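**Student:** With the sequence up front, the predicted model follows.
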Amino acid sequence: MWKDSPCFPLVCVCIFNTVSQTDCYVSLWLPTASNDKFQTKAIKNCKDPVWNETFYFRIQSQVKNVLELALYDKDVVTQDDHLFTVYFDIAKLSLGEEVFMHFKCDSQVRSKIRNGIACPDRLDVRLGFDLCVQEQDFLCKRKNYIIPALKNVLQLEQDLLDHETPVVAIMTTGGGMRSLTALYGSLRGLKKLNVLDCATYLTGLSGTTWTMSNLYRDADWSQKDLHEQISEARKHMTKCKINSFSLEYLKYYKKQLCQRKREGRKTSFIDLWGLVLESFLHDGVQLSDQQRAIDCGQNPLPIYTAVNVKNNYSTVDFKEWVEFTPYEVGLQKYGVFVRTEDFGSEFFMGRLMKKVPESRICFLEGELLKTTNYFIVCFVGVFFGPTGFAVLHLQQECFFLSDTVLDTFPNQLTQSDEFLSLVDTGFFINTSVMPLLKPERKVDVILHLNYSAGSQIQALDQTCKYCSEQGIIFPRVNLSEEDRKNLKECYLFDGAETPGAPVLLFFPLVNDTFRKYKAPGQKRSESEMEDGKVDLYGCCSPYSTYSLQYSEKAYDRLVQLGEYNILNNEDLILQALRTAVERKRRIKK
């Protein structure tokens, strides 16, 4: 009954080697089993040392296990001399098999490696690339909202069948308070078009995660007109923030940080910033609390994104996409996920060793934001053992986003790190699209809502380039030089040239026809022209990424602009949905 178990004990016996007369010992390290290195005793003044020592490792068969064997000459005065190192892939062994291995380098090392019986225990870490059971259940329930919504929006005579129903995702970019505010407008526009009920996923990073966390406090937010949520956010956005730095609040922050330290977490400036954000925008809630807003499929599934980095490497050389949902947190690159309630706890060998209370969402938002910590690379207080996140031993074509220089050096990956180092996704590319390109999610339409500062096309260009380099299916983006200089409100890229690619609707944050129209088809009067003057990116713009407070007028105009740009491009949105439905029908045929 243990044949399908992922864990096995491994026994290693170091016997002897033939070198010059030295004080030799062998060091053994299996990074997927332990952070500790083990070693034999040193045999003094012997050219043919015999150790005959046995070492035990508990391994997981579903991960890549490479045993590192290093031979050293012990020196009592200087650092021990490293003679050579060999690597042995444990996958070469069969269950219950005893093998004698000869390793030839500058010298010869002989090891006896024996693989024992399986361990029947279940893991607390989910290994695999499939969607979790809760998300699969959500998808079934969400169709109860999507199918009638699409019938209404596309004016169909009858309901779509399951296989004809496209998976629609709303993808947002970061941009501080600008993205927080504009997203409210975009969502209200989608709600007025009844397209919001057609969406399965909503992804965000940086500032848009604030909007999402506020919305998902209401279990039925997408079934409402959003007027109440926008008004509530308006109060927070226009209020003076200086009180959040008062002595009373600082004492409160200190108390909270001390509490986190007592719980066994590492604390940093980012945790402090998270508490400040909480005082700015919302009450203390946890990410897993959002389960009640999706358990019946009544709202799109929220996905928050970040990247895991290494302190001494740029994001070009090393980055790993991390996704957060109310159900799970994990790294798709390795196919490793933990329950959201357990994120921040201590794991070893895929098992929960020390349960730590789930952090409030403000601490997560502090980690995912770059507004005031652009120069900070923070280490998040999230303790994962060496195999809390480990590399799945699968064929290369099964890997998704294996895109870093360090991928060729297994002992330098996240599996051997004690902590994750999470930063805003914008440090690499200002996009939250990567979870949507996971093949298992089968996304058919992506509404790309861009709220970046500066170039509105840069993040999309970077995404296209990245996907091309990694072999990820993504629609080709062709924009003329004229369009790049004078962007319109919406572009449709149907992906016809890239089989299997989703249909992409790109909404740059621009003030185009809104200058002269207060609503689609309704021109502004002379007295209303001032309301159409929304300075998004000028030197005197109130919408800087680093602005933490807006005037009521600035807030209202940005919400209205976001809403207008959606409503004014209803035809393109409907065209994208029809294209996706037609493709689903053709595939079935």
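**Tutor:** Everything's here; your move. Note that the structure is a prediction, hence the values are computed from the model and not measured.
**Student:** tell me the domain boundaries of the protein?
**Tutor:** As assigned by automatic domain parsing, the chain contains the domains 7-122, 127-588.
**Student:** tell me, which of the ones you listed is the model least confident about?
**Tutor:** Among the domains of the chain, domain 7-122 carries the lowest mean pLDDT, a mean of 73.
**Student:** Surely residue 233 touches residue 180?
**Tutor:** Yes - contact criterion CB atoms under 8 Å: residue 233 and residue 180 qualify, at 7.3 Å. C-betas here are computed from N, CA, C, even on glycine.
**Student:** Give me the common contacts of these two.
**Tutor:** Common contacts of residue 233 and residue 180, defined by CB atoms under 8 Å, 6 or more residues apart in numbering, comprise residue 211.
**Student:** More neighbours: these two, which one.
**Tutor:** Shown here are residue 233 and residue 180; by other CB atoms under 10 Å, residue 180 has more neighbours (27 against 24).
**Student:** What segments of the stretch 1-150 of the chain are helices?
**Tutor:** Secondary structure of the stretch 1-150 of the chain, counting by DSSP state H, counting those that start in this stretch: helices at 133-153.
**Student:** now the stretch 451-589 of the chain
**Tutor:** 458-470, 481-485, 552-567, 570-588.
**Student:** And the last one, what's buried?
**Tutor:** Residues of helix 570-588 classed as buried by neighbour count (16 or more other CB atoms under 10 Å): 570, 572, 573, 576, 577, 578, 579, 580, 581, 583, 584.
**Student:** in the stretch 51-200 of the chain, which spans are strands?
**Tutor:** 66-73, 81-89, 98-104, 108-115, 126-127, 168-172, 199-204 (DSSP state E, counting those that start in this stretch).
**Student:** In the sheet, which residues pair with residue 302? Tell me.
**Tutor:** Assessed by DSSP bridges, residue 302 has beta-bridge partners residue 202.
**Student:** what's the burial count for residue 537?
**Tutor:** By other CB under 10 Å, 16 other residues sit near residue 537.
**Student:** The one 10 residues further on too?
**Tutor:** The criterion is other CB under 10 Å. On that basis, residue 547 has 15 neighbouring residues.
**Student:** residues in contact with it?
**Tutor:** Contacts of residue 547 (CB under 8 Å, 6+ apart): 176, 177, 178.
**Student:** Grab the nearest non-local neighbour of the last one.
**Tutor:** Meaning residue 178. residue 543 (4.5 Å; CB to CB, 6 or more residues apart in numbering).
**Student:** cool, and the first one?
**Tutor:** Taking CB to CB, 6+ apart, and ignoring the residues beside it in sequence, residue 176 has residue 545 as its nearest neighbour in space, at 4.1 Å.
**Student:** Run a quick neighbour tally on the one you found.
**Tutor:** Neighbours of residue 545 (other CB under 10 Å): 20.
**Student:** Ignoring the adjacent residues along the chain, who's closest to residue 169?
**Tutor:** Using CB to CB, 6+ apart, the nearest residue to residue 169 is residue 201, at 4.0 Å.
**Student:** pretty sure the one you found is touching residue 433, no?
**Tutor:** No - judged on CB under 8 Å, residue 201 makes no contact with residue 433 at a distance of 10.5 Å.
**Student:** Just name the most buried of the domains of the chain.
**Tutor:** Most buried of the domains of the chain, by mean neighbour count (mean count of other CB atoms under 10 Å): domain 127-588, with a mean of 19.
**Student:** In contact with the nearest residue to residue 508 once chain neighbours are set aside, which residues?
**Tutor:** The spatially closest residue to residue 508, leaving aside those adjacent along the chain, is residue 456, at 3.6 Å (CB to CB, 6+ apart). Residue 456 makes contacts with 450, 487, 508, 509, 510, as judged by CB under 8 Å, 6+ apart.
**Student:** The stretch 351-500 of the chain: strands as residue ranges?
**Tutor:** Under DSSP E, counting those that start in this stretch, the stretch 351-500 of the chain gives strands at 351-354, 422-423, 445-449, 491-493.
**Student:** quick revisit: redo the strands of the stretch 51-200 of the chain as CSV? Include distance to residue 253.
**Tutor:** What follows is the strands of the stretch 51-200 of the chain, written out as CSV (distance: least, CB to CB, whole Å):
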stretch, distance to residue 253
strand 66-73, 44
strand 81-89, 47
strand 98-104, 55
strand 108-115, 52
strand 126-127, 34
strand 168-172, 29
strand 199-204, 25
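**Student:** Stretch 321-340: end-to-end distance?
**Tutor:** Length of stretch 321-340, first residue to last, CA to CA, to the nearest Å: 16 Å.
**Student:** How about stretch 289-300?
**Tutor:** First-to-last residue span, stretch 289-300, CA to CA: 15 Å.
**Student:** Extract the CA atoms of stretch 323-338 and return them as PDB.
**Tutor:** Written as PDB, here are the backbone C-alpha positions of stretch 323-338 (Å, rounded to 0.1, in the frame of the first residue of the first chain):
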ATOM      1  CA  GLU A 323       0.500  33.300  -6.400                       C
ATOM      2  CA  PHE A 324      -1.900  33.900  -3.500                       C
ATOM      3  CA  THR A 325      -5.500  32.900  -3.500                       C
ATOM      4  CA  PRO A 326      -7.900  32.500  -0.600                       C
ATOM      5  CA  TYR A 327      -7.300  28.800  -0.900                       C
ATOM      6  CA  GLU A 328      -3.600  28.400  -1.500                       C
ATOM      7  CA  VAL A 329      -0.200  30.000  -1.700                       C
ATOM      8  CA  GLY A 330       2.500  28.500  -3.900                       C
ATOM      9  CA  LEU A 331       5.100  28.600  -6.600                       C
ATOM     10  CA  GLN A 332       3.900  27.300  -9.900                       C
ATOM     11  CA  LYS A 333       7.400  26.800 -11.100                       C
ATOM     12  CA  TYR A 334       7.900  23.900  -8.600                       C
ATOM     13  CA  GLY A 335       4.200  22.900  -8.400                       C
ATOM     14  CA  VAL A 336       4.200  23.300  -4.700                       C
ATOM     15  CA  PHE A 337       1.400  24.900  -2.600                       C
ATOM     16  CA  VAL A 338       0.400  25.300   1.000                       C
END
